[in-house]
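S.K.: Show me how the following folds:
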Amino acid sequence: MKTFLASTCLAAALYALTGTGARAAECGDVSIAEMNWASAGVAAYVDKIILENGYGCTVSIVAGDTMPTFTSMNEKGQPDMAPELWINAVRTPLDAAVKEGRLIEAAKILSDGGVEGWWIPKFLSDAHPDIKTIQDALKHPELFPAPEDPSKAAVFNCPSGWSCQISSANLYRALKAEDAGFELVDTGSAAGQEGSIASAFEKKKGWLGYYWAPTPILGKYEMTKLSFGVPNDKAEWDACTAVPDCPQPKVNAYPISDVYTVVTKQFAEKAGVAMDYVKARKWDNGTVNKVLAWKDENQATNEDAAKYFLKTYPDMWKSWLKPEAAEKVQASL
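M.R.: Alright, predicted model coming up:
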């Protein structure tokens, strides 16, 4: 009996070292911020599934937002990972944190960057290939009827209270859109803005206005982003374009937002086996738009959408992992 018990204890110890215990030692406990917008929320669960099944991590999801999450990671080392951090908002302190070794910039998760601009429906740009810039569109007020008065044309603004409402209003004035017969329409909310786009597609009518990517709407409705005819002038943007009621705004292009995965030094130390993954993991806006459109249409959770992505785009995510880890994740699906 003593021999049996000793053997059992030895077997249990060996299992702990070679089984789940070893897997835990490979990675350990990891916390991931689930930001409060769709693309970042889905990314958090993609990371959770891959880190747990491919690398043996024990992952907890915590609520997050850009500034609170960055501040907590920088000052407290928690959470361990922000899958989608729009770093333009924290560029200076992030540079300092990276230089001082507290934080690490991993992959540029949105390979196209976060994109903002003025868009028109693709069916309209296909029918009017001469419209390539905002200035081209403003020559055709008849193609962009205002919702309340079709005799007028409309530029749809960013939702109320968002910073893009300021830049769009300044660009509307810089472009002298009112002189071209266009009124600036306040969409009121994100839902109102989405509704205006949906209505335009249902009625096959023109729509011109502010939007951004990645979003579910651009996964559901094909839109064409128009050029402002000039490159982004950052100094002008900071001094005027983004400033409320700037007295003399100039035509300017929206900057491309850098969007990275950021992890703590502690993550790199305890989950070093997974660093090859977080340095490689990135997806394009077209793919994200489609995943978010599926999520929206199916009223799915972020976790559901992550599983949909992993099942639908295996060639993409397998390229981020070493074969052994990819096989484990595939088996879990």
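S.K.: So, low pLDDT: which residues of this structure?
M.R.: Where the chain drops to pLDDT under 70, the residues are 1-25.
S.K.: Would you point out which residue is most central in it?
M.R.: residue 39 (4.5 Å; CA atoms, centre = their mean).
S.K.: Quick check, residue 123 in contact with residue 206.
M.R.: No: here residue 123 does not reach residue 206: they are 9.3 Å apart, not a contact under CB atoms under 8 Å. Bear in mind the C-beta positions are built from the backbone N, C-alpha and C, glycine included.
S.K.: Could you check which of those two is surrounded by more residues?
M.R.: Taking neighbours as other CB atoms under 10 Å, residue 123 and residue 206 compare with residue 206 leading, 22 against 16.
S.K.: Now name the helix or strand holding the residue nearest to the centre of the chain.
M.R.: Element membership for residue 39, per DSSP states H and E: helix 38-55.
S.K.: residues of that helix that come out buried?
M.R.: 38-55 (16 or more other CB atoms under 10 Å).
S.K.: What of stretch 139-158?
M.R.: 140-141, 143-147, 153-158.
S.K.: Let's have the residues you listed in JSON lines, adding distance to residue 281.
M.R.: Output for those, formatted as JSON lines (distance: CB to CB, whole Å):
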{"residue": "140", "distance to residue 281": "42"}
{"residue": "141", "distance to residue 281": "45"}
{"residue": "143", "distance to residue 281": "41"}
{"residue": "144", "distance to residue 281": "39"}
{"residue": "145", "distance to residue 281": "43"}
{"residue": "146", "distance to residue 281": "43"}
{"residue": "147", "distance to residue 281": "41"}
{"residue": "153", "distance to residue 281": "43"}
{"residue": "154", "distance to residue 281": "40"}
{"residue": "155", "distance to residue 281": "37"}
{"residue": "156", "distance to residue 281": "34"}
{"residue": "157", "distance to residue 281": "34"}
{"residue": "158", "distance to residue 281": "30"}
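S.K.: Name the nearest of those relative to residue 84.
M.R.: Checking those against residue 84 with CB to CB, the nearest one is residue 158 at 20.3 Å.
S.K.: If you drop the residues flanking it in sequence, what lies closest to that closest one?
M.R.: What sits nearest to residue 158 in space, not counting adjacent residues and going by CB to CB, 6 or more residues apart in numbering, is residue 164, at 3.6 Å.
S.K.: Counting neighbours, what do you get for that neighbour?
M.R.: By other CB under 10 Å, 17 other residues sit near residue 164.
S.K.: Sounds good, over and out.
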